[in-house]
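Asker: please work out how this folds:
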Amino acid sequence: MAALKLLVLGATGLTGRHVVDVTLRSGDSVTAFVRNPAAPPDLADRVTLATRRRLS
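Answerer: Residues are numbered from 1 along each chain as shown. Predicted coordinates for the structure are as follows:
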């Protein structure tokens with residue numbers, strides 16, 4: 001099966017973090033939509049961060 005690419009909204013919250021962890025453990029890639037890209041430093045090296053400006 002091909003690896004999935006998942007967009008997670010709310011990746012810095014409790015449920016979002018769980019979704020990110022499970023997704024990465026399964027070998028899939030994650031893009032996390034965040035309000036403040038400086039807020040999740042532990043996520044920055046594991047996922048692609050997207051912000052409103054970047055998507056505009």
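
Asker: distance check, residue 43 against residue 5.
Answerer: The spacing between residue 43 and residue 5, counted by C-beta to C-beta, to the nearest Å, is 16 Å. C-beta: built from backbone N, CA, C; applies to glycine.

Asker: the two: which is more packed in?
Answerer: Using other C-beta atoms under 10 Å, the more surrounded residue of residue 43 and residue 5 is residue 43, with 21 against 11.

Asker: now do that one, the pLDDT please.
Answerer: With respect to pLDDT, residue 43 scores 86.

Asker: ok, now residue 55?
Answerer: Per-residue pLDDT puts residue 55 at 51.

Asker: what about the chain, any weak spots by pLDDT?
Answerer: 53-56 (pLDDT under 70).

Asker: how about the helices in it?
Answerer: In the chain, the helices defined using DSSP state H lie at 14-25, 41-44, 52-55.

Asker: to residue 33, which of the ones you listed lies closest?
Answerer: Residue 33 sits nearest to helix 52-55 of all these, at 7.8 Å, using C-beta to C-beta.

Asker: now the helices of the chain in TSV, with distance to residue 34?
Answerer: As requested, the helices of the chain are exported to TSV (distance: least, C-beta to C-beta, whole Å):
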stretch	distance to residue 34
helix 14-25	10
helix 41-44	8
helix 52-55	9
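
Asker: report the central residue of the chain.
Answerer: By C-alpha atoms, centre = their mean, the chain has its centre lying nearest to residue 32, at 2.7 Å.

Asker: does that one have beta-bridge partners, and which?
Answerer: Residue 32 has these beta-bridge partners by DSSP bridges: residue 8, residue 49.

Asker: who's in contact with it?
Answerer: Residue 32 makes contact with 7, 8, 11, 12, 16, 20, 40, 43, 47, 48, 49, 50, according to C-beta atoms under 8 Å, 6 or more residues apart in numbering.

Asker: any idea how far it is from residue 16?
Answerer: 8 Å.

Asker: repeat that for residue 31.
Answerer: Note on residue 31: its distance to residue 16, by C-beta to C-beta, is 12 Å.
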